[in-house]
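Student: Prediction below, plus the sequence it came from.
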Amino acid sequence: MTEKEKAQRGLLYDNNNDKQLVEERLDAKELCYDYNQLRPRMLAEREALIRELFARTGKRFLIEQPFYCDQGYNIEIGEEFFCNHNTVMLDAANITFGNHVFIAPNCGFYTAGHPLDVEQRNEGLEIALPITVGNNVWIGGGVSVLPGVTIGDNTVIGAGSVVTKDIPSGVIAAGNPCRVMREITEADRDKYPRA
């Protein structure tokens, strides 16, 4: 079994010394570098690079620069995806986003974890667990989403949160560690004035 296959199965694998994974990571980082050097108005070129980098994209999306990822081919985004500046996606495992997901600046999605055992860690071993974000999710600024987490549909994650466990649908969750604060209700529809 290759190191890449081990990673895809959620097993300990060598991400630091495996030639295939190192080369794929360098390929993705080259594309990220190219993407981040494009002028902001070069929207068609930016879109084309993301489509080349990611496994799946919706028809309409916008990812603000700078953006960084490890592999790219493990990232899937749905329709009307928006990702603000300075997002990092360490996608050793799949990172999947539904439709109408909004990500604020300075967020990180980290599928990689390292062994607690020092000998395994010093060998360069790690584990990769997928992250799944549902539809209609808003993730506030500076949020970190850790390996193996699922965030349900219609949920808001408050700024600065560290999401260590699954978050259900239809809630506001925040904190470190992130926890459910309350359900989103009809009263939230009237929170902000409209013209």
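Tutor: Thanks, I have it. Numbers count the residues shown, from 1 in each chain.

Student: And the helices in the protein, which stretches?
Tutor: Along the chain, counting by DSSP state H, helices occupy 3-8, 19-37, 43-53, 118-122.

Student: mind putting these in CSV, mean neighbour count included?
Tutor: The way it works is simple: take the backbone N, C-alpha and C, and place the C-beta from them, glycine included. Converted to CSV, the helices of the chain look like this (neighbours: other Cβ atoms under 10 Å):
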stretch, mean neighbour count
helix 3-8, 18
helix 19-37, 15
helix 43-53, 16
helix 118-122, 10
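
Student: which stretch among those comes nearest Pro105?
Tutor: Among the helices of the chain, the nearest to Pro105 by Cβ to Cβ is helix 19-37 (14.5 Å).

Student: CA-only coordinates of that closest one, as CSV, when you get a sec.
Tutor: Extracted C-alpha coordinates of helix 19-37, given in CSV (Å, rounded to 0.1, in the frame of the first residue of the first chain):
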residue,chain,number,x,y,z
LYS,A,19,8.5,11.1,-3.0
GLN,A,20,5.0,11.0,-4.6
LEU,A,21,3.4,13.1,-1.8
VAL,A,22,6.3,15.5,-1.7
GLU,A,23,6.1,16.1,-5.5
GLU,A,24,2.3,16.5,-5.4
ARG,A,25,2.6,19.0,-2.6
LEU,A,26,5.2,21.0,-4.5
ASP,A,27,3.0,20.9,-7.6
ALA,A,28,0.1,22.3,-5.6
LYS,A,29,2.3,25.0,-4.0
GLU,A,30,3.5,26.1,-7.4
LEU,A,31,-0.1,26.6,-8.5
CYS,A,32,-0.9,28.4,-5.3
TYR,A,33,2.1,30.7,-5.9
ASP,A,34,0.9,31.4,-9.4
TYR,A,35,-2.6,32.1,-8.2
ASN,A,36,-1.4,34.5,-5.5
GLN,A,37,0.7,36.4,-8.0
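
Student: re earlier: any idea which of the helices of the chain gets closest to Lys191?
Tutor: Of all those, it is helix 43-53 that lies closest to Lys191, at 32.0 Å by Cβ to Cβ.

Student: angle of the closest one against helix 19-37?
Tutor: Interaxial angle, helix 43-53 versus helix 19-37 (axes from the mean of the first three to the mean of the last three Cα atoms, to 10 degrees): 170 degrees.

Student: which strands and helices sit next to helix 43-53?
Tutor: Helix 43-53 sits against helix 19-37, strand 61-63, with contacts defined as 3 or more Cβ pairs under 8 Å, 6 or more residues apart in numbering; DSSP states H and E.

Student: Tell me which residues are up against the longest one.
Tutor: Looking back up the chat, that one is helix 19-37. With Cβ atoms under 8 Å, 6 or more residues apart in numbering as the test, helix 19-37 has contacts from 2-4, 7, 14-16, 46, 49-50, 52-53, 65-73.

Student: Repeat the analysis, applying 6 Å as the threshold.
Tutor: Helix 19-37 has contacts (Cβ atoms under 6 Å, 6 or more residues apart in numbering) with 3-4, 15, 49, 53, 65-66, 68-72.

Student: Sweet, I'm off.
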